[in-house]
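Engineer: The following comprises the amino acid sequence and a computationally predicted model.
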Amino acid sequence: MLITNVSRLSGIERTLDIPVTKEQLQRWRDGELIQRAMPHLTATQREFLMTGITDEEWSKAFPPEEEEGDTINPETGEEPGS
């Protein structure tokens, strides 16, 4: 089913083809947990239904944080504290 939603992050309207039925959507809108109403969906598909945010948009807005020791000094090529 083609689902159109507006991203809560960017305000961009997108349409995705998500494998859901009208009945599943209604159960969710009536208060059933999305994981129960549509257990076959991926976390990315559920996020789009709930917030309009795509996986790509989420990754751009919240890039993975570097763990301590993951940064390399570009001048020396060494990790901090080496």
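Structural biologist: Everything's here; your move.

Engineer: Skipping its backbone neighbours, what lies nearest the residue most central in space within the chain in space?
Structural biologist: The C-alpha lying nearest the average C-alpha coordinate of the chain belongs to residue 55 (Cα atoms, centre = their mean; 3.9 Å). Ranked by Cβ to Cβ, 6 or more residues apart in numbering and with sequence neighbours excluded, the top spatial neighbour of residue 55 is residue 44, at 4.4 Å. The way it works is simple: take the backbone N, C-alpha and C, and place the C-beta from them, glycine included.

Engineer: still on that earlier bit, and the gap between the residue nearest to the centre of the chain and residue 47?
Structural biologist: Between residue 55 and residue 47 the distance is 8 Å, computed by Cβ to Cβ, to the nearest Å.

Engineer: cool, and residue 56?
Structural biologist: 11 Å.

Engineer: more neighbours, the two?
Structural biologist: A direct count of neighbours by other Cβ atoms under 10 Å for residue 56 and residue 47 places residue 47 higher, at 17 against 9.

Engineer: secondary structure class for the nearest residue to residue 4 once chain neighbours are set aside?
Structural biologist: If the residues on either side of it in the chain are set aside, residue 4 comes closest to residue 15, at 4.4 Å by Cβ to Cβ, 6+ apart. Secondary structure state of residue 15, per DSSP: H, G, I helix; E, B strand; the rest coil, is strand.
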